[in-house]
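Enquirer: Quick one, fold the following:
(one chain, ligands or ions: 2)
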Amino acid sequence: MITVVKNTATLEQREHLISWLESQHVQVHVSEGREYTVLGLVGDTSHIDMELLESLEIVESVKRVSEPFKKVNRKFHPADSVIPAGTVSIGGGNFAVIAGPCSVETREQIIGVAEAVKRSGAALLRGGAFKPRTSPYDFQGLHAEGLELLMEAKKETGLPIVSELMDMKDFDLFESVDVIQVGARNMQNFEMLKALGRTDKTILLKRGLANSIKELLMSAEYIMAGGNENIILCERGIRTFEHYTRNTLDLSAVPALHQMTHLPVVVDPSHSTGIAAFVKPMAVAAAACGADGLMIEVHNDPPKALCDGAQSLTPDQFDEVAEQIRKVREAIS
Ligand code: PEP
Ligand code: MN
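Expert: Ligands and ions are numbered 1, 2, ... in the order given. Purely as a prediction, here's the structure:
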């Protein structure tokens, strides 16, 4: 349920209303706007008398929120959320490109790629140290050593770091990682989502291979229900009957998510297409349809990459894509 409070209400009147609502055993989520303050009520609201609430002088309107996702719902928080990601912000007009290799492989590789993508305008560096691979015989990542190399790259370039966590037992290793990625395969690892909800880390939550937009929002709700509001959503393509591309990039998820939630939406044209030549057109399309950022895989030597070489751009190709993205952003602003 949401209760829209007029901004003519005094702080005292508003606080009084909030304490009364809390005494009714619901959680109150406050979102302050210029003209109104929205009180989002979470919990069992069936016993709350809507007409009584509506009759209060300071209340503009009261509405039931039928969707099962509450705190991530735009009805609870009408303005776009701006999410901190290290030294940068994403959302609410703050656009950021996250770039880097699928996996951290060597010091030369990660530092070389970090310097190159920074020169091209990337705002964050990505790199996997724990890799969710389909085959147990494939490269699984450098684990703690990979995270240390990412920290060196961060020290060299100043770029904040995005890296995937696959198991909470490794959480302490991620202390200096600015954004923790929850990969597609873990989108519905509810115990992990709950645990991350109790932290204050910014989470990049990727859509599962076979998950609907609503399921993605319910997973974000798990994190937010625990108290962590720093969430960035990522559309990374879904499984369909089409196998020419690795996945099918659902670009309509961008406006759909923007309508349903206040959280920023980043698009990953690398995992969604699986083909380096398709990354530029889809990155440009994502920027054109209003994505708040992009995540692009870049490798210094794609044919020799230990993971996802076929979809990785060279630093020169990335430079060209970054330039095109800037042009699109200018054209639509
Ligand atoms: C990745 O970003 O490295 C990754 C494994 O992506 P996804 O979880 O979307 O497959
Ligand atoms: Mn990858």
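
Enquirer: check contacts around the residue nearest to residue 27 when sequence neighbours are not counted.
Expert: Using C-beta to C-beta, 6 or more residues apart in numbering and skipping the chain neighbours, the partner closest in space to residue 27 is residue 42 (4.4 Å). Any C-beta I mention is one placed from the backbone N, CA and C, and that applies to glycine too. Contact analysis of residue 42 by C-beta atoms under 8 Å, 6 or more residues apart in numbering lists 26-29, 70-71, 225.

Enquirer: For ligand 2, see how far away residue 42 is.
Expert: According to C-beta to the ion, to the nearest Å, residue 42 and ligand 2 sit 35 Å apart.

Enquirer: how much space between that residue and residue 214?
Expert: Note on residue 42: its distance to residue 214, by C-beta to C-beta, to the nearest Å, is 17 Å.

Enquirer: same thing with residue 323?
Expert: Counting by C-beta to C-beta, the gap from residue 323 to residue 214 is 36 Å.

Enquirer: can you check residue 128 too?
Expert: Taken as C-beta to C-beta, the span from residue 128 to residue 214 is 27 Å.

Enquirer: between these two, which one's more packed in?
Expert: Neighbours were counted for residue 128 and for residue 214 using other C-beta atoms under 10 Å; residue 128 has more, 28 against 13.

Enquirer: isn't that one right next to residue 146, touching?
Expert: Yes. Taking contacts as C-beta atoms under 8 Å, residue 128 lies within contact range of residue 146: 7.4 Å.

Enquirer: how about the residues of the chain near ligand 1?
Expert: Within reach of ligand 1 by C-beta under 6 Å from any ligand atom, the chain has these residues: 102, 128, 132, 164, 183-185, 206, 236, 271.

Enquirer: 8 Å instead?
Expert: Applying C-beta under 8 Å from any ligand atom, one finds that the chain approaches ligand 1 through 102-103, 126, 128, 131-132, 164, 181, 183-186, 206-207, 209, 234, 236-237, 268, 270-271, 295, 297, 307-308.

Enquirer: Please name the nearest non-neighbouring residue to residue 225.
Expert: residue 197 (6.1 Å).

Enquirer: er, residue 13 actually
Expert: Counting by C-beta to C-beta, 6+ apart, residue 58 is the residue found nearest to residue 13 once chain neighbours are left out, at 5.1 Å.

Enquirer: List the backbone torsions phi and psi for the residue nearest to residue 225.
Expert: Torsion angles at residue 197 (phi, psi; degrees, to the nearest 10) stand at phi -70, psi -20.

Enquirer: Need the pLDDT of it.
Expert: pLDDT for residue 197: 98.

Enquirer: OK, contacts around it?
Expert: 222-228.

Enquirer: For these, which ChimeraX command selects only the ones that are buried?
Expert: Selection of buried members from those for ChimeraX, criterion 16 or more other C-beta atoms under 10 Å:
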select :222,223,224,225,228
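
Enquirer: which pair in the contacts of residue 197 spans the largest distance?
Expert: Farthest apart among the contacts of residue 197 by C-beta to C-beta are 222 and 227. That separation is 11.4 Å.

Enquirer: burial measure for the nearest residue to residue 140 once chain neighbours are set aside, as a count.
Expert: Counting by C-beta to C-beta, 6+ apart, residue 131 is the residue found nearest to residue 140 once chain neighbours are left out, at 5.5 Å. Using other C-beta under 10 Å, residue 131 is surrounded by 21 other residues.

Enquirer: closest point of this structure to ligand 2, which residue?
Expert: Closest to ligand 2 within the chain is residue 102: 3.2 Å, counting by C-beta to the ion.

Enquirer: mind checking pLDDT for that residue?
Expert: 98.

Enquirer: right, and it touches residue 296 too?
Expert: No. Distance between residue 102 and residue 296: 10.8 Å, which falls outside the contact criterion (C-beta under 8 Å).

Enquirer: Neighbour count for those two, which is higher?
Expert: With neighbours defined as other C-beta under 10 Å, residue 102 and residue 296 compare such that residue 296 has more, 27 against 24.

Enquirer: hey, what's that one bridged with?
Expert: residue 99 (DSSP bridges).

Enquirer: That one is in contact with residue 320, isn't it?
Expert: No. Residue 296 is beyond contact range of residue 320, at 11.6 Å (criterion: C-beta under 8 Å).

Enquirer: now the strands for the stretch 201-333 of the chain?
Expert: 202-206, 231-235, 265-267, 293-297 (DSSP state E, counting those that start in this stretch).

Enquirer: just for the stretch 201-333 of the chain, where's the confidence low?
Expert: Within the stretch 201-333 of the chain, not a single segment meets pLDDT under 70.

Enquirer: rewinding a little: contacts only, for the residue of the chain closest to ligand 2.
Expert: By C-beta under 8 Å, 6+ apart, residue 102 lies in contact with 128, 131, 270, 297, 299, 305-308, 312.

Enquirer: cutoff 10 Å now
Expert: 126-128, 131, 139, 141, 270-271, 297-299, 302, 305-309, 311-312 (C-beta atoms under 10 Å, 6 or more residues apart in numbering).

Enquirer: Which of these fall within helices?
Expert: If you go by DSSP state H, the contacts of residue 102 have 270-271 in helices.

Enquirer: and the longest helix for the chain?
Expert: Secondary structure assigned by DSSP H gives helix 315-332 as the longest helix of the chain.
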